[in-house]
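**Q** give the three-dimensional model of this entry:
(2 chains)
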Amino acid sequence: DVKVTQSSRYLVKRTGEKVFLECVQDMDHENMFWYRQDPGLGLRLIYFSYDVKMKEKGDIPEGYSVSREKKERFSLILESASTNQTSMYLCASSVASGSAYEQYFGPGTRLTVT
Amino acid sequence: GNSVTQMEGPVTLSEEAFLTINCTYTATGYPSLFWYVQYPGEGLQLLLKATKADDKGSNKGFEATYRKETTSFHLEKGSVQVSDSAVYFCALSDPLRNNNDMRFGAGTRLTVKP
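**A** Residues are numbered from 1 along each chain as shown, chains lettered A, B, ... in the order given. Now for the predicted structure:
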């Protein structure tokens, strides 16, 4: 079974702090993704990476950066946390499966910025 | 651009009732279509998928048929159980554009009462 793990289930940080969210997958997937999930908005892509040290912006990259130094690990960084970044953050990974790229998700990190 | 619209919830049903959650899509190419499910406190899990027109995806008693003529991928189950209570997301990816670009609907929360 594919396993995607995230470093924390719940996190509380103060405004202005630098926040690191870690994601690890154990299936040698090339692609990794960070989404945020907000009620009524579904999932919105922040960044994705298709290879080590490679990254591309998603729909809402402002205020975030990412790092992928090893294939299995993809980190999301909030440079200076703000209250509007309070959200559920989901990491996912994928590899091609036939003609459809199924994504496998971690359990999520619920971040509260106060 | 590609997008997914799914019926708004929440949906509340009694056990053994028939379930339909509507999903329509907009895409310029020939997308693959997915239904994901999110149980309380967990990440998203792939429920079923279809990769071309008239394909039917099925899993755990759930079904959805890829209808190109109506650009729809409605989720159905003949008899829901309390354990089906979750949030359901319709999604698409377009293999001709960028398979990393998966678009999600806003999600539909289903509650099944005994």
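**Q** which stretches in chain A count as strands?
**A** Shown for chain A, the strands assigned by DSSP state E span residues A:4-6, A:10-13, A:19-25, A:31-38, A:42-51, A:54-57, A:64-70, A:73-78, A:87-94, A:103-105, A:109-113.
**Q** neighbours of the nearest residue to B:Cys23 once chain neighbours are set aside, how many?
**A** Leaving aside its sequence neighbours, B:Cys23 sits nearest to B:Cys90 (CB to CB, 6 or more residues apart in numbering or on different chains; 3.6 Å). From N, CA and C alone the C-beta is placed, and that goes for glycine too. B:Cys90 has 29 neighbouring residues, counting by other CB atoms under 10 Å in any protein chain shown.
**Q** in a strand, B:Cys90, correct?
**A** Yes. Judged by DSSP: H, G, I helix; E, B strand; the rest coil, B:Cys90 forms part of a strand.
**Q** for it, list the residues it contacts.
**A** B:4, B:6, B:21, B:23, B:25, B:33-35, B:73, B:75, B:104-105 (CB atoms under 8 Å, 6 or more residues apart in numbering or on different chains).
**Q** can you tell me if stretch A:59-71 touches chain B.
**A** No. In terms of CB under 8 Å from any CB of the partner chain, no part of stretch A:59-71 sits within range of chain B; the closest distance is 9.5 Å.
**Q** could you point out which element follows the worst-scoring helix or strand of chain B on mean pLDDT?
**A** When the helices and strands of chain B are scored by mean pLDDT, DSSP states H and E, strand B:98-104 comes last with a mean of 73. Next along the chain after strand B:98-104, taking DSSP states H and E as the criterion, comes strand B:108-113.
**Q** show me which residues of chain A sit near chain B.
**A** Counting by CB under 8 Å from any CB, chain A sits next to chain B at A:4, A:31, A:33, A:40-43, A:45, A:48, A:50, A:56, A:90, A:92, A:94, A:96, A:98-108.
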